[in-house]
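# Quick one, what's the 3D model for this:
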Amino acid sequence: MRILVTGASGFVGSLLVPRLLCEGHAVRALGRDPARVTAALEGTSPDGGGDLGTEVEVLRGDVLSGAGLAPALDGVEVAYYLIHSMEPSASSPPSSPARSAAQDSFAVREETSARNFAAACSRAGVTRIVYLGGPLPRDRAASRHLASRQSVERILLRDIPDSVALRASIVIGARSRSFRLLVHLVERLPVLTLPAWRSFHTQPIDERDIVEMLLAAATVPAVAGRSLDVAGPDVLTFEEVISRIAEEMLVRRPVLGLGVNATPVAARLVAAIAAEDPELVLPLMESLQGDLLAADDRAAELLNVDLHSFDSAVEHALREWEESEPLAAR
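Here you go, the predicted structure:
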């Protein structure tokens, strides 16, 4: 099967490409900067024996403008949509009108990109899009970030009816920006001062499991046209997530709980401490308004994936992390 992967230079995409090759698929990768895609895939191969450069066709394209989509999708049966438009905006205060407009423009970019991609897939005769989005709260309105992900999901499944949307919360992996942010907080804060969202629940998932689910989602007939919550087997509070990461890192960090969230201020502080982009941290923290749990556990069964525990996922991620860079806390 010929498969297109968008977002192949990203954390999940670069893990998925070797698995697709292992299954015998012909893989094409799309990126605004082909050199960046090639660099992300360097040193990885389905058999561990070399680079992917000779096995993956890398093409230039941009889903926001639509440039390059037609040749990239020519002859493709399944396309992975693993990108989003969360780009840094002007450095405006989080509560300013300029900041609000920037977030709104993010949602516009997301919808425009999704419409362009879905329309191009329809014209090319693509039979299925596999999309990786975010979880939806059960008991409240979604944040602007998660609502945007839901809008993208609706567009893709509407235009290509046999498509599949997987909704994941925190993905645990050495290159996951959410996981890396949490690790850096543990490293750099002698006392973990956590806002009120620390008591909300989530279900982090191992990078190995999300890749296997994405792989299966391309071909399993039973998931056609469905949106599935994908989650690990452990239900944890965010405080437990951070504390157990600290335990796996073999460091002790007392926790000081706050009674408020103060998200705009807290997001800026977290970004500064973790040396992360505040334009990424703020939307993530705005989503922490309650539990983010899977509606059910049918995804793992439908896609025939055995899930790793949270502790196993963290151990695996930290081991991979230390293969390329030291952990300052150790």
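
# From now on I want contacts and neighbour counts done on CA atoms only, so please keep to that.
Noted.

# what bits of the stretch 201-330 of the chain have low per-residue confidence?
329-330 (pLDDT under 70).

# any chance you could map the helices in it?
Along the stretch 201-330 of the chain, counting by DSSP state H, counting those that start in this stretch, helices occupy 207-217, 238-248, 263-274, 278-286, 298-302, 310-324.

# between those helices, which gets nearest to residue 137?
In terms of C-alpha to C-alpha, the element of those nearest to residue 137 is helix 278-286, at 12.5 Å.

# tilt between the closest one and helix 263-274?
With axes from the mean of the first three to the mean of the last three C-alpha atoms, to 10 degrees defining the directions, helix 278-286 sits at 130 degrees from helix 263-274.

# before we move on, back to that, just send the helices of the stretch 201-330 of the chain back as JSON lines, with mean neighbour count and distance to residue 194 too.
What follows is those, written out as JSON lines (neighbours: other C-alpha atoms under 10 Å; distance: least, C-alpha to C-alpha, whole Å):
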{"stretch": "helix 207-217", "mean neighbour count": "22", "distance to residue 194": "25"}
{"stretch": "helix 238-248", "mean neighbour count": "19", "distance to residue 194": "8"}
{"stretch": "helix 263-274", "mean neighbour count": "18", "distance to residue 194": "9"}
{"stretch": "helix 278-286", "mean neighbour count": "19", "distance to residue 194": "12"}
{"stretch": "helix 298-302", "mean neighbour count": "16", "distance to residue 194": "31"}
{"stretch": "helix 310-324", "mean neighbour count": "17", "distance to residue 194": "20"}
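
# wait, which of those is closest to residue 134?
Going by C-alpha to C-alpha, the one of the helices of the stretch 201-330 of the chain nearest residue 134 is helix 278-286, 10.4 Å.

# by contact count, what packs against the closest one?
helix 144-159, helix 263-274 (3 or more C-alpha pairs under 8 Å, 6 or more residues apart in numbering; DSSP states H and E).

# ok and the longest one relative to helix 278-286, angle-wise?
Just to be clear, that refers to helix 144-159. Between the axes of helix 144-159 and helix 278-286, defined by the same axes, to 10 degrees, the angle is 90 degrees.

# Now helix 144-159: average pLDDT?
For helix 144-159, mean pLDDT rounds to 92.

# now the helix or strand immediately after that helix in the chain, how far from the centre of its chain.
Using DSSP states H and E, the next helix or strand after helix 144-159 towards the C-terminus is strand 164-168. With C-alpha atoms, centre = their mean, to the nearest Å as the basis, strand 164-168 stands 10 Å off its chain's centre.

# Strand 164-168 pairs with which strands, parallel or anti?
Using DSSP bridges, strand 164-168 pairs in its sheet with strand 128-133 (parallel), strand 227-230 (parallel).

# among those strands, which is the most enclosed?
Mean neighbour counts were compared across the strands paired with strand 164-168 using mean count of other C-alpha atoms under 10 Å; the top stretch is strand 128-133, at a mean of 26.

# Can you name every helix or strand that the longest helix seen in the chain contacts?
In the chain, assigned by DSSP state H, the helix with the most residues is helix 97-124. Other helices and strands packing on helix 97-124, by 3+ C-alpha pairs under 8 Å, 6+ apart, are helix 69-73, helix 144-159.

# quick one: buried residues of the last one?
Buried positions in helix 144-159, judged by neighbour count with 16 or more other C-alpha atoms under 10 Å: 144-150, 152-153, 155-157, 159.
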